[in-house]
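1. sharing a sequence plus its predicted fold:
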Amino acid sequence: MDIGKKKVSFPMVANYNSVVRYFVECGLDAQFIMPPKMTRRTLEIGSRYSPDYVCAPFKSTLGSMIDALEAGADTLVMTMGLCRLGYYGELQEQIIRDLGYNFEMINLAEYTTGKNRDYLKALRRINPKMSLAKFTLAAAEGLKMVEYIDEIEAEYYRNCGFELNKGDYKKALDRFYLAMNMAKSKKDVEEGYREAKREFNRISMDKPEQPLRVGIVGEYFTIMDPFSNLDLEQKLADMGVEVHRWM
């Protein structure tokens, strides 16, 4: 990696950080620092420095941002949101600075004017020489990656509880995640997705016609972040349940 490139990170968000990596590396020609997987320490740190009244996702993302800085990031990006998520970035930035960390913060909530030129200002803070055409292409490919991740995970949780050979689905899913995390082109993304579908189709199952179907409802972290929901989806699937997400 070019030592002049910003080392960008984003708080761990289930299995979508491979998409953020794709945006940053393939669209903005910057270096992405993958935040470590969240652990109990992540939540403890986030909780220790967060206001008592804030929600659990605030504490998780705060701890993950600190993890990312300790892993070598020098630039943090925080998203906007429809709920209090839109206010997270400003408060989290101040908390982390008060802890003595030196970093650049790009809070996308500051650029939500609806004007394209303002979004470009945020992107050019990461790479002033970015190619708009290159980023637009990478963004489209990254959004397709999101669709593929959602589709593969949905199929996984519908069926992994009924496999004959325990662990086949998980191995295929892990290979898919690795492919998405290593992808550097649309071809890589498409090949990783198609291979996961092929592997899933080869897995032998013993699934009843009318399995017990359980839907998980709630906000994002409750539904689909394994660390935040104590891996609820996998626990249910291991009990022989077809699991669905509703947001």
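-> Done, it's in. Since this is a predicted model, take the numbers as computed values, not measurements.

2. which stretches in the protein count as strands?
-> 7-9, 31-32, 75-78, 104-107, 213-217, 242-246 (DSSP state E).

3. now for those, which one comes closest to residue 188?
-> For those, proximity to residue 188 was assessed by C-beta to C-beta; strand 31-32 is nearest, at 15.4 Å. In short, each C-beta sits where N, CA and C put it, glycine included.

4. each with direction, which strands does that closest one pair with?
-> Note on strand 31-32: by DSSP bridges, its sheet partners are strand 7-9 (parallel).

5. now the strand it pairs with: mean pLDDT?
-> What strand 7-9 shows for mean pLDDT is 97.

6. again, but for stretch 170-180
-> Here the average pLDDT along stretch 170-180 is 98.

7. contacts for it?
-> Among residues not part of stretch 170-180, those counted as contacts by C-beta atoms under 8 Å, 6 or more residues apart in numbering are 15, 18-19, 22, 145, 148-149, 152-153, 156, 160, 188-189, 191-193, 195-196, 199-200, 203.

8. same thing with stretch 231-247?
-> Outside of stretch 231-247, the residues that reach it under the criterion C-beta under 8 Å, 6+ apart are 154, 157-162, 211-220, 223-224, 226.

9. buried sites along it?
-> Burial within stretch 231-247, assessed by neighbour count using 16 or more other C-beta atoms under 10 Å, is assigned to 232, 233, 234, 236, 237, 241, 242, 243, 245.

10. what's the biggest helix in this protein, counting residues?
-> helix 132-159 (DSSP state H).

11. just checking, what packs against that helix?
-> Secondary-structure packing of helix 132-159 (3 or more C-beta pairs under 8 Å, 6 or more residues apart in numbering; DSSP states H and E): helix 17-22, helix 168-182, helix 186-202, helix 232-238, strand 242-246.

12. re earlier: out of the buried residues of stretch 231-247, which is nearest to residue 75?
-> Distance ranking of the buried residues of stretch 231-247 against residue 75, using C-beta to C-beta, places residue 245 first at 31.3 Å.

13. excluding chain neighbours, what is closest to that closest one?
-> Excluding the flanking residues, the one nearest residue 245 by C-beta to C-beta, 6 or more residues apart in numbering is residue 223, at 5.2 Å.

14. quick one, grab the pLDDT at that neighbour.
-> 87.

15. how about the one 5 residues further on?
-> As predicted, residue 228 sits at a pLDDT of 88.

16. and if you look at residue 247?
-> At residue 247, the model reports a pLDDT of 69.

17. pLDDT weak spots in the protein?
-> 1-3, 81-83, 247 (pLDDT under 70).

18. tally of neighbours for residue 125?
-> Neighbourhood size, residue 125 [other C-beta atoms under 10 Å]: 16.
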